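> my questions concern the predicted model and sequence given below.
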Amino acid sequence: MPGSTILEADRVSLRFGGVRALTDVSFAIQAGEVFSIIGPNGAGKTSMVNCVSGRYRPTEGRILFEGRDITRLPTSRRAALGLGRTFQNLALFGHMTVLDNIMVGRHHLMKSGFIRGMVHWLGGARQEELAHRREVEEIIDFLEIQHVRKAPAGTLSYGLRKRVELARAVALRPKLILLDEPMAGMNLEEKEDMARFILDLNQEWGMTVLMIEHDMGVVMDISHRVMVLDFGRRIAEGLPEEVMADSHVRRAYLGEVEETPEPETAG
Ligand SMILES: Nc1ncnc2c1ncn2[C@@H]1O[C@H](COP(=O)(O)OP(=O)(O)OP(=O)(O)O)[C@@H](O)[C@H]1O
């Protein structure tokens, strides 16, 4: 169930030279929500998520995570606070097993001290390693990739690779996970599986989700709330059915032209 505000974008603008990628965009995500950003190509969705992850710094405005201003915090520090994402720019190691790929994700975080604190009380490196393994095995079970846990990641199908990428992000146990087009390039069955995993992450693991996704069916099915961007501006936000019924959205995003009769002029 959604609770207090976990992430807030406060009048965020982003310019690339003369291009206004985002103009004055504000929104708030409640803990426990699946919140999706939709909009036509070039609307600013990826730019917005990159401002949240720390890859881009807004030209104006602020990003708050659990009430703390993180606008100027580097990506690694955001991860340590509990802001996770799939690593679009860090491909899986093709020659390494699925298990090792996910372990590497956790070790990476260990260095930042986040998990070290959590497992320190167990004492010793061996226990630490065991604690890691248990966590990783749990994630492997959850994402139903046990059958490929020892397979080199490079030999997996596209859908399975995407699932391993998700596992690696989940292994850091983020409070809020950013998913940039998690279903892109998937067939229907893979999409259905992915949608179920996202829902389970949200409902069973209590992870808040911020997602960009082009597949409207998926967005409408699994989102609590949806924000629509168009030309870098927020044009609507609300429950999926409200957003779909919004005339601005239908015009801008779905390309519909409203057929309202011309008013009759008197005289
Ligand atoms: N690194 C960049 N340098 C210059 N312009 C950029 C950069 N990133 C995005 N833009 C521009 O900002 C605008 C918003 O792009 P963005 O990628 O955020 O949109 P999007 O909604 O994610 O699009 P898509 O659905 O096609 O992925 C576009 O006009 C784009 O060309």
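Arrived safely, thanks for sending. Residues are numbered from 1 along each chain as shown.
> for the residue nearest to S36 when sequence neighbours are not counted, give me its contacts.
Among residues not flanking S36 along the chain, S223 sits closest, at 4.2 Å (CB to CB, 6 or more residues apart in numbering). In short, each C-beta sits where N, CA and C put it, glycine included. Neighbouring residues of S223 by CB atoms under 8 Å, 6 or more residues apart in numbering: V34, F35, S36, M211, P240.
> so where's the longest helix in this structure?
helix 125-142 (DSSP state H).
> for the next helix or strand after that one, buried residues please.
Remark: after helix 125-142, the chain's next helix or strand is helix 158-170, criterion DSSP states H and E. Neighbour-count burial for helix 158-170 flags G159, L160, R161, K162, R163, V164, E165, L166, A167, R168, A169, V170 (criterion: 16 or more other CB atoms under 10 Å).
> ok, residues contacting helix 158-170?
Applying CB under 8 Å, 6+ apart, the set of residues contacting helix 158-170 from outside is 84-87, 92, 98, 101-102, 104-105, 139-140, 142-145, 148, 153, 156, 177, 179, 182, 185-187, 189-190, 193-194, 197, 201, 205, 207.
> and if you look at stretch 65-79?
5-7, 53-55, 57-58, 61-64, 81-83, 109, 112, 114, 172, 174-176.
> around the ligand, which positions in the stretch 1-150 of the chain sit nearby?
F16, V19, A21, G39, N41, G42, A43, G44, K45, T46, S47 (CB under 6 Å from any ligand atom).
> and with 5 Å instead?
Contact residues, the stretch 1-150 of the chain versus the ligand (CB under 5 Å from any ligand atom): F16, V19, A21, N41, G42, A43, G44, K45, T46, S47.
> skip the chain neighbours and tell me the closest residue to S47.
A21 (4.1 Å).
> what's the local residue count around the one you found?
24 (other CB atoms under 10 Å).
> the helices in this structure, which residues?
45-53, 75-81, 98-111, 114-119, 125-142, 158-170, 188-203, 216-222, 240-245, 247-252.
> please work out which of those is packed deepest.
Among these, helix 45-53 has the highest mean neighbour count (mean count of other CB atoms under 10 Å), at a mean of 22.
> tell me where the model's unsure across the chain.
1-3, 87-91, 105, 107-126, 253-267 (pLDDT under 70).
> could you list the domains of it?
1-82+174-260, 90-173 (automatic domain parsing).
> that older thread, need the buried residues of helix 158-170 in a markdown table with distance to A245, can you?
Listed next are the buried residues of helix 158-170 as a markdown table, based on distance: CB to CB, whole Å:
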| residue | distance to A245 |
| --- | --- |
| G159 | 33 |
| L160 | 37 |
| R161 | 37 |
| K162 | 32 |
| R163 | 34 |
| V164 | 38 |
| E165 | 34 |
| L166 | 31 |
| A167 | 37 |
| R168 | 38 |
| A169 | 33 |
| V170 | 34 |
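> farthest pair within the residues of the stretch 1-150 of the chain next to the ligand?
Taking CB to CB, the two most distant members of these are F16 and N41; they sit 15.9 Å apart.
> who's more crowded, those two?
With neighbours defined as other CB under 10 Å, F16 and N41 compare such that F16 has more, 10 against 6.
> returning to that earlier point: which ones among the contacts of stretch 65-79 map onto strands?
Residues of those located in strands (DSSP state E): T5, I6, L7, G61, R62, I63, L64, L83, L176.
> what comes into contact with stretch 36-53?
So stretch 36-53 is contacted by 7, 9, 12, 14, 21-22, 25, 56-58, 63, 75, 78, 83, 85, 178, 180, 210-214, 216, 219, 223, 225-233, 243, 252-253 (CB under 8 Å, 6+ apart).
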